[in-house]
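Trainee: My questions concern the predicted model and sequence given below.
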Amino acid sequence: MKKEKEKKEKREFISLGIDVASEKLDVFLREKEEVNEEEKREKRNGKKKAKGIDKTFANNFQGISRLISFLKGKDFKGRIVMESTGRYHSLSAVLLQEANFKVFVINPLIVKKYRTSQIRKTKTDRIDARLLSLAALIEKNLLLFESSREDLVLRQKISLLNCLEKSIQRLKASFLNYESSVLSLERETTEVEEELKKTIKKLGKNKGKLEKEIAEIISQKKGNQNKIEILRSIPGVSEFLASLILFFYKENIGHKSSQWIAYSGMEITVSESGKFKGKGKISKRGNRYLRKRQFSGAWGAYMHSEEFKNYYQELKEKGRTHREALNILARKIIRISFSLLKHNKRFDAAKCF
């Protein structure tokens with residue numbers, strides 16, 4: 001009996017996979033085990049299950065606190081991996097990080113790669129938790145989750161701003177369409193409709209205030225004010241866009257400007273097979289709102305910079321469409337931003353064109 005107890009106590013756990021849902025967390029605590037090559041093949045094909053502990057916790061403060069106590073009780077020091085699931089993963093990632101665990105939040109596409117490699121096509125939350133624990137062992141270049149509670153609140157503010165912008169655009173378009181129809185029929189808008197028009201204008205003003213609030217929060221962080229001034233020296237880059245660049249393009253994203261471009265979903269992807277050669281398109285695998293703002297920044301650079309305007313005209317002469325040319329300008333602004341921040345220098349058109 002004593003020997004059996006000692007064996008149980010000596011169990012070593014090497015990774016944790018967490019499948020996140022809105023109300024619960026399915027976790028798999030993977031145990032270290034010695035396996036031969038045949039057993040490894042069986043595991044990859046789903047014939048042999050990995051050893052470990054399956055558990056479920058509530059996705060709230062109490063449930064995550066129990067998860068932390070459970071992990072500390074097992075003396076767990078390995079990697080914790082979970083999928084990025086919008087706001088649902090934020091609380092568990094922050095609390096686990098604050099408890100000094102190594103947390104990695106990964107793109108769902110990485111998990112899909114492991115899921116499609118399985119012979120069995122069964123998909124459950126428990127199976128996903130096991131796949132995430134496997135990814136924790138195999139994927140070596142994952143980025144450590146380092147966001148604070150303040151960072152997550154700021155990210156939600158930016159998401160709110162994005163939704164607000166879309167709503168204002170739709171309301172404006174609908175109201176203008178309605179107003180022009182009424183006037184063409186020689187009728188006047190009612191008092192209620194005039195109030196609605198004022199409300200839409202007020203929403204636009206509040207959108208501007210929210211942008212300023214976000215920019216102020218980011219600029220107040222240590223060292224950011226100087227960086228914002230550097231970025232604002234680039235034509236087309238407003239204070240708000242400069243703030244977004246600093247917030248989203250953290251230093252640990254990559255050591256190349258191409259990695260920044262990939263992060264925003266603006267890298268070019270080409271599909272080719274045999275004689276077929278597809279047309280290059282941007283991947284769009286990134287933050288949509290950031291990409292939208294960068295596109296607006298490219299238009300601003302075209303409008304206010306002679307160098308960017310000439311570069312745009314060159315691209316048009318080579319057969320590029322308006323959208324393609326602006327996307328190229330946006331990627332150039334990202335590369336310039338990366339270089340200026342890296343060398344702590346302001347924009348100089350002579351060196352960038």
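Mentor: Yep, it's here. Keep in mind that this is a model prediction, so the values were computed, not measured.
Trainee: Tell me which residues of stretch 81-95 come out buried.
Mentor: Neighbour counts using 16 or more other C-beta atoms under 10 Å place V81, M82, E83, S84, Y88, H89, S90, L91, S92, A93, V94, L95 of stretch 81-95 among the buried residues. In this view, the C-beta of every residue, glycine as well, is placed from N, C-alpha and C.
Trainee: Start and end of that stretch, how far apart?
Mentor: With C-alpha to C-alpha, to the nearest Å applied, stretch 81-95 spans 14 Å between its terminal residues.
Trainee: Distance from the chain centre to it, please.
Mentor: 12 Å (C-alpha atoms, centre = their mean, to the nearest Å).
Trainee: hmm, who's touching that stretch?
Mentor: Contacts made with stretch 81-95 from outside it, assessed by C-beta atoms under 8 Å, 6 or more residues apart in numbering, are listed as 15-22, 25, 59-61, 64-65, 67-68, 103-108, 111, 128, 132-133, 135-136, 139, 142, 145, 147-149, 152, 156.
Trainee: what's the answer for stretch 147-166, then?
Mentor: For stretch 147-166, the surrounding residues in contact (C-beta under 8 Å, 6+ apart) are 87, 90, 93-94, 97, 203, 206-207, 210-211, 213-214, 217-218, 244, 247, 288-289.
Trainee: Please name the residues that touch the residue most central in space within the chain.
Mentor: In the chain, the centroid-proximal residue (C-alpha atoms, centre = their mean) is N287; its distance is 5.4 Å. Contacts were defined as C-beta under 8 Å, 6+ apart; by that measure N287 touches F248, Y263, S264, G265.
Trainee: Check what pLDDT the residue nearest to the third one when sequence neighbours are not counted gets.
Mentor: Going back to what we said before, that points to S264. Among residues not flanking S264 along the chain, G286 sits closest, at 4.5 Å (C-beta to C-beta, 6 or more residues apart in numbering). On pLDDT, G286 comes in at 80.
Trainee: cool, L109 as well?
Mentor: Reported pLDDT at L109 in the predicted model: 77.
Trainee: follow-up on the earlier one: surely the residue nearest to S264 is in a helix?
Mentor: No - residue assignment for G286, taken from DSSP: H, G, I helix; E, B strand; the rest coil, gives coil, which places it outside any helix.
Trainee: ok, how many other residues are close to it?
Mentor: With neighbours defined by other C-beta atoms under 10 Å, the count for G286 comes to 18.
Trainee: picking up where we left off before, what values do phi and psi take at the residue nearest to the centre of the chain?
Mentor: According to degrees, to the nearest 10, the main-chain angles of N287 amount to phi -70, psi 110.
Trainee: Same check on F295?
Mentor: phi -60, psi -40.
Trainee: wouldn't it be in contact with A325 here?
Mentor: No - F295 lies out of contact with A325 (C-beta atoms under 8 Å); the separation is 11.2 Å.
Trainee: Chain neighbours aside, what residue packs nearest to R335?
Mentor: S257 (4.2 Å).
Trainee: My reading is that T189 is in a strand; is that accurate?
Mentor: No - note on T189: no strand contains this position according to three-state DSSP, which reports coil.
Trainee: how about it, what does it touch?
Mentor: Contacts for T189 (C-beta under 8 Å, 6+ apart) come out as E179, V182, K197.
Trainee: Buried among the contacts of stretch 147-166? Make that a ChimeraX selection.
Mentor: The following ChimeraX selection, which keeps only the buried ones among the contacts of stretch 147-166, applies the criterion 16+ other C-beta under 10 Å:
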select :90,93,94,97,207,210,211,214,217,218,244,247,289
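Trainee: right, and the residue nearest to S264 touches G265 too?
Mentor: Yes - the pair G286 and G265 qualifies as a contact (C-beta under 8 Å) at a distance of 2.7 Å.
Trainee: nearest residue to E31 other than its sequence neighbours?
Mentor: Looking at E31 with C-beta to C-beta, 6+ apart, the closest residue is K51, at 4.3 Å.
Trainee: how many other residues sit next to that neighbour?
Mentor: Close neighbours of K51, defined as other C-beta under 10 Å, add up to 13.
Trainee: Tell me how far it lies from K207.
Mentor: Distance from K51 to K207, counting by C-beta to C-beta, to the nearest Å: 53 Å.
Trainee: Now rank the contacts of T189 by neighbours and give me the top one.
Mentor: Looking at those with neighbours defined as other C-beta under 10 Å, the largest count falls to K197 at 16 neighbours.
Trainee: Moving C-terminal from the helix or strand harbouring E165, which element do we reach first?
Mentor: Taking DSSP states H and E as the criterion, the element that holds E165 is helix 149-184. With elements assigned by DSSP H and E, the helix or strand that comes after helix 149-184 is helix 191-219.
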